[in-house]
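> what shape does this take:
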Amino acid sequence: MAIQLNNRILNYSFEQGLTNWVAVNTVVSSTSKSGFQSAQLLAGLPNASLQQAVVTAPREGLYVSVSLDYPFTGPSPVVVVTVNFFSSSAIYLGNGFTLVVPPGFFSSSQWQVFEGVTTPAPAGTASAQISISMAPQPSTTSILVDDVILMSAVDLTTSVTGPTGATGATGTAGATGRTGATGTTGVTGATGATGTAGVTGATGATGTAGVTGATGATGTTGETGVTGGTGATGETGATGAAGETGATGATGDISTIEIISTANRYFHFPPTDLDLSSSVTIPAGEFSDDDGNSVTEFAGLGTNSFNNLFINGLVQPGNSYSVSPGMLFFPAQSGTIFAGTPIIIETVQFNLQV
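Below you'll find the model as predicted:
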């Protein structure tokens, strides 16, 4: 598995043993998902756990991923993964993520990846601590841990636009295009200047002067002659070289974009046992919200959200139920939910604010 370069967990695949980890009742195992080693939380011992803290900014959301395997016999144990936020003075500020793997979840040896996204870190956050622990139970054995990832998923801090880069060099001029079609014949130009007068002929002999006749009437002006045809238009000259490319515009501002998450929880305590050997439907109207008020539908469902179902505090596999705005539905499966057992639906929706 290729781990992202911005994974904040040090020694995430335990190739350096338990270096960088706070480990309690944990040893190194040669059975691994990637590389050559993993960590083994030991069964039958109290507080078997792994912990590591990473630097985290306020309002930052973190992507969480942990790989677990159970290559042993007998029922698998309860495993709890949490991410908690702390101030620079190590003051606890709140929980951002909790995942519970129920007992007996593993039926065979096969690495499985458990992942999710934390709620945004509260104001004053300086670090986030991931904890992977195993609850000791009778007749259960150890669990293997590998490839732990904790990296930024939603960063709502304001970014700064960098300076505009220098304008690139002007590219080579393209080839000259084909000669365009001959344009329409232009207007006839002005009459040219009068040509040079020819050489004067020799003067004839002077005749005898005749009697001066009477002055005749002035004759009518003759018609103007037909204008000669216009000469052919010359060829169009070659297209000039392309001008220089203009400067690159400034980069747009994205500093006002913000991703906001909204969480909703709904509670139900069945008055009678629920036999899951046949399908079971619980209407949304039988649930109440965080304030104890009855609801008519489950909010926060859609393409930009995810939901979790907890029964008696344990998260349930996604294929064991489905949630719609009007109801919670269990397909036929083995098991019984006893009367009074808490059934909790949690929805988390992400919205983009500009």
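> average model confidence for the longest strand seen in the chain?
Ordering each strand of the chain by length in residues (DSSP state E) puts strand 143-155 first. Taken as a whole, strand 143-155 carries a mean pLDDT of 86.
> strands paired with it, and their directions?
strand 38-41 (antiparallel), strand 60-69 (antiparallel) (DSSP bridges).
> strand 143-155 and the next helix or strand after it, what's the angle between them?
For strand 143-155, the following helix or strand on the C-terminal side (DSSP states H and E) is strand 258-268. Here strand 258-268 runs at an angle of 130 degrees relative to strand 143-155 (axes from the mean of the first three to the mean of the last three Cα atoms, to 10 degrees).
> only the buried residues of strand 258-268, if you could.
By neighbour count on 16 or more other Cβ atoms under 10 Å, the buried set for strand 258-268 is 259, 261, 264-266, 268. Using the backbone N, CA and C atoms, a C-beta is placed for each residue, glycine as well.
> beyond that strand, next helix or strand please.
strand 274-275.
> and the contacts of that next one?
Here strand 274-275 makes contact (Cβ atoms under 8 Å, 6 or more residues apart in numbering) with 280, 330, 336-337.
> again with stretch 346-354
In contact with stretch 346-354 (Cβ under 8 Å, 6+ apart) are residues 117, 119, 154, 256-265, 298-302, 304-310, 323.
> how does it look with 6 Å?
For stretch 346-354, contacts defined as Cβ atoms under 6 Å, 6 or more residues apart in numbering pick out 256-265, 300-301, 304-308.
> got any ranges where the stretch 251-354 of the chain has weak pLDDT?
Counting by pLDDT under 70, the ranges of the stretch 251-354 of the chain that qualify are 251-257, 354.
> if you set the cut-off to 80 instead, what comes out?
For the stretch 251-354 of the chain, applying pLDDT under 80 flags the ranges 251-259, 352-354.
> which stretches of it form strands?
Along the stretch 251-354 of the chain, counting by DSSP state E, counting those that start in this stretch, strands occupy 258-268, 274-275, 280-283, 305-311, 314-315, 322-324, 327-330, 336-337, 343-353.
> mind checking these for the one nearest to residue 58?
Residue 58 lies closest to strand 258-268 among the strands of the stretch 251-354 of the chain, at 13.2 Å (Cβ to Cβ).
> tilt between that closest one and strand 305-311?
30 degrees.
> quick one: which of the strands of the stretch 251-354 of the chain is nearest residue 52?
Nearest of the strands of the stretch 251-354 of the chain to residue 52, taken as Cβ to Cβ: strand 314-315 at 22.3 Å.
> so what are the sheet partners of the closest one and their directions?
Strand 314-315 has these strand partners (DSSP bridges): strand 305-311 (antiparallel).
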